[in-house]
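predicted coordinates and the sequence they were generated for:
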Amino acid sequence: MEVFKPLFVEWVCGLKPNRVIEIGAGTGHLSKALSNQSFSVTAIEPSPGMHKVASEVLAGENVELLNCSSFDLSSSRSYDVAFSHLVAHVVEDLFGYLESVFVCLSKGGHFVFSIPHPCFYNSYKNLFGGDYNYMTPMSKEISFSITKDPNNKVSGVPYHHRPLSTYINGILEAGFAIDSFHETYPQWEVQLKYGKPWDNPRYCAFFCKKL
């Protein structure tokens, strides 16, 4: 989170929106970091357990928190910017997910989302062992813990590996244009807070615009 919180604040604020929505807010810490800006923030989280955590984190903050997924959003309520952090690779129906975000954005709106870098993440985590092939989509349930909180393990989380071309083609097929692509590689002193130096970018982010 120390890597992504300042990045998302910079990315979202730089787009000068009036209405922002976080898709899959998790613990709510990214929405909290944006709660004192000049725009409204809505955060949605479909998991009842994570929604409960987010409701505690966001208590007293200027954030509207909803217990739903992007598939439940109405097109009658539009946003200038949608963002999600490490959500798209968890979703089984990638195109449906991208389309559901497209629908909730106003024309010219932006969608910024991060994923584990498909080119390098398996070499970092070795999720698929000898079965791994970059070009082959594959899925499994994983467990993970936060680097700074190793005793707090989260289990049974879906992980869908897809090559970058699947994401790019899905974004374009949903009706977005790709403005830019970011490969996350923090400064040396920040890398060391994650246990050891990074050999490659572990994460990446797409900047998409609704045409």
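Cool, the structure landed.

pLDDT score assigned to residue 192?
The score at residue 192 is 81. That number is its pLDDT.

so how far is residue 109 from it?
Between residue 192 and residue 109 the distance is 37 Å, computed by Cβ to Cβ, to the nearest Å. Where you see a C-beta, it was placed from the backbone N, CA and C, and this is true even at glycine.

what do you get for residue 98?
The separation that residue 98 has from residue 109, given Cβ to Cβ, amounts to 13 Å.

name the helix or strand for the closest residue to residue 23 other than its chain neighbours, please.
Residue nearest to residue 23 in three dimensions, not counting chain neighbours: residue 84, with 4.0 Å by Cβ to Cβ, 6 or more residues apart in numbering. Here residue 84, judged by DSSP states H and E, is contained in strand 79-85.

list the buried residues of the next helix or strand after that strand.
Scanning the chain past strand 79-85 towards its C-terminal end, the next helix or strand to appear is helix 94-103 (assignment: DSSP H and E). Judged by neighbour count using 16 or more other Cβ atoms under 10 Å, the buried positions of helix 94-103 are 94, 97, 98, 99, 100, 101, 102, 103.

can you lay out those residues as JSON lines showing distance to residue 198?
Conversion of the buried residues of helix 94-103 to JSON lines gives the following (distance: Cβ to Cβ, whole Å):
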{"residue": "94", "distance to residue 198": "26"}
{"residue": "97", "distance to residue 198": "27"}
{"residue": "98", "distance to residue 198": "28"}
{"residue": "99", "distance to residue 198": "33"}
{"residue": "100", "distance to residue 198": "32"}
{"residue": "101", "distance to residue 198": "29"}
{"residue": "102", "distance to residue 198": "32"}
{"residue": "103", "distance to residue 198": "36"}
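
and which of those is nearest residue 35?
The shortest separation between residue 35 and any of these is 21.0 Å, and it belongs to residue 101 (by Cβ to Cβ).
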